[in-house]
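Chemist: below is the sequence, then the predicted model.
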Amino acid sequence: TGYVTLDQGFVNTASCSSTITYIDGDAGILRYRGYPIDQLAERSTFLEVSYLLIHDALPTPAELAEFADKIRVHTLLQEEMRQFFGGFPRDAHPMAVLSSAVTALSTFYQDALDPNDPEQVEISGIRLMAKLPTIAAYAYKKSIGHPLPYPDNSLDYVQNFLRMTFGLPTVQYDVDPTLAKVLDMLFILHADHEQNCSTSTVRLVGSSGANLYSSVAAGVNALSGPLHGGANSAVLEMLEQIRVDGGDVDAFVRRVKAKEKGVKLMGFGHRVYKNYDPRAAIVKKAAQDVLSTMAKPDPLLEIAFKLEEIALADDYFVSRKLYPNVDFYTGLIYKAMGFPTKMFTVLFALGRLPGWIAQWREMVNDPANKIGRPRQLYTGSPEREFVPIDKR
Ligand code: CMC
């Protein structure tokens, strides 16, 4: 009742107030808890940033060590959970496996799901941080028919994930520290982005009183779409298609501008940034660094550079303020690291997890929190009389 406004896509409507992430989309500024993204990407680590997002303060050395230790002791999945992966077809999309497994996790911790108990919330967040890399690695191992490894807790967070993903019990696998550092930095860049589609989903599901696992599983599903986290895979598929079609970047841009159905410049544009996405600038530099170390240059990097150059000089993109977003160059790095395209969005989920946890906790602790329940404008039929089936 009362006055209802229509704002499809929440273009102008704030769903909450938040102290976590600040974006100035016109100026291309992003800060977590007040700290500029470039400083965090260059000087922090993913676990430190996760602590910062969740606890609203940079940790002391002792606090960080305790946080990392708590995560380390929870990296194992229950043995029954390992069997869970056997139930999916080999070609299951790893995002579907990931969200199913996150939901399934809640079945093992039924005595610690209460959103109103701070200790239970704390341990749920730790368990998710600890187990998501294990689940992600298993989703990949399953897809290639390899045995599921156990975590190696002598390694750090990202190194452990890389070893579980690429290691084999029969072959010595040494994690490349440079690649681990780059992946850690990419996780930092993805760690939060205020009220994006998946984070809003996590909050909306949580606003009903659902537990953290259920809320995060919903976030994973929201992230899977090509307009959101799925864009990183879609960019690589687009670059590959351009290469297969003969590398004619101008022809592809013409198709985008003609708004051919289903043809967009993936990795470009953003609801909030009307300037260069500050994360994209950092990723572009990392892509150049990582790809320059490869024995054989990736032709897709050249295609990406050319696409960006053409788009940034073209009135279609300039007038609509379409710039590269975080996803434009990430796929090239993930590919260089050896990840298959299907895994790219899973990597986004690993990075976004602390943001989801922090935002969910902020919502639960907000005294003004209410169940999310948007209104609608009804445009259907006026009242009509039911007609029995034999009279239709
Ligand atoms: N290629 C071509 N045209 C585009 C693109 C694009 N990537 N993005 C927006 N436009 C056009 C759009 O057609 C519209 O034109 P017109 O005014 O003539 O109708 C205008 O720009 C405004 O776009 P919009 O769709 O109203 O903008 P939005 O805020 O609803 O959508 C977006 C934002 C990110 C979904 C969109 O830019 C897009 O689909 N980009 C490609 C997918 C992508 O890279 N997504 C990742 C986003 S960043 C990481 C994340 O948060 O997940």
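Modeler: Arrived safely, thanks for sending.

Chemist: report pLDDT for the residue in the stretch 51-200 of the chain positioned nearest to the ligand.
Modeler: At 4.9 Å from the ligand, Asn196 is the closest residue in the stretch 51-200 of the chain, using CB to the nearest ligand atom. (C-beta placed from N, C-alpha, C; glycine too.) Confidence at Asn196, expressed as pLDDT, is 98.

Chemist: number of residues surrounding Ser214?
Modeler: 19 (other CB atoms under 10 Å).

Chemist: so it, which of the three states?
Modeler: helix (DSSP: H, G, I helix; E, B strand; the rest coil).

Chemist: quick one on the thing from earlier: ok, the residue of the stretch 51-200 of the chain closest to the ligand - contacts?
Modeler: Asn196 makes contact with His228, according to CB atoms under 8 Å, 6 or more residues apart in numbering.

Chemist: and what of Val182?
Modeler: Shown in contact with Val182 (CB under 8 Å, 6+ apart): 286, 289-290, 333, 337.

Chemist: one more time with 10 Å, if that's ok
Modeler: Counting by CB atoms under 10 Å, 6 or more residues apart in numbering, Val182 touches 158, 176, 283, 286-287, 289-290, 333-334, 336-337.

Chemist: between these, which is closest to the ligand?
Modeler: Looking across the contacts of Val182 and measuring by CB to the nearest ligand atom, the closest to the ligand is Val283, at 11.1 Å.

Chemist: the closest one sits in which helix or strand?
Modeler: Per DSSP states H and E, Val283 falls inside helix 278-292.

Chemist: need the three-state assignment for the closest residue to Met164 other than its chain neighbours.
Modeler: Spatial nearest neighbour of Met164, excluding adjacent residues (CB to CB, 6 or more residues apart in numbering): Ala137 at 3.6 Å. Following three-state DSSP, we place Ala137 in the helix state.

Chemist: ok, now Val11?
Modeler: The three-state label given to Val11 by three-state DSSP is coil.

Chemist: for it, give me phi and psi.
Modeler: The phi and psi values for Val11, taken as degrees, to the nearest 10, are phi -70, psi -30.

Chemist: burial of Ala368, as a residue count?
Modeler: Residues within reach of Ala368, counting by other CB under 10 Å, total 7.

Chemist: list the contacts of it.
Modeler: Shown in contact with Ala368 (CB under 10 Å, 6+ apart): 16-17.
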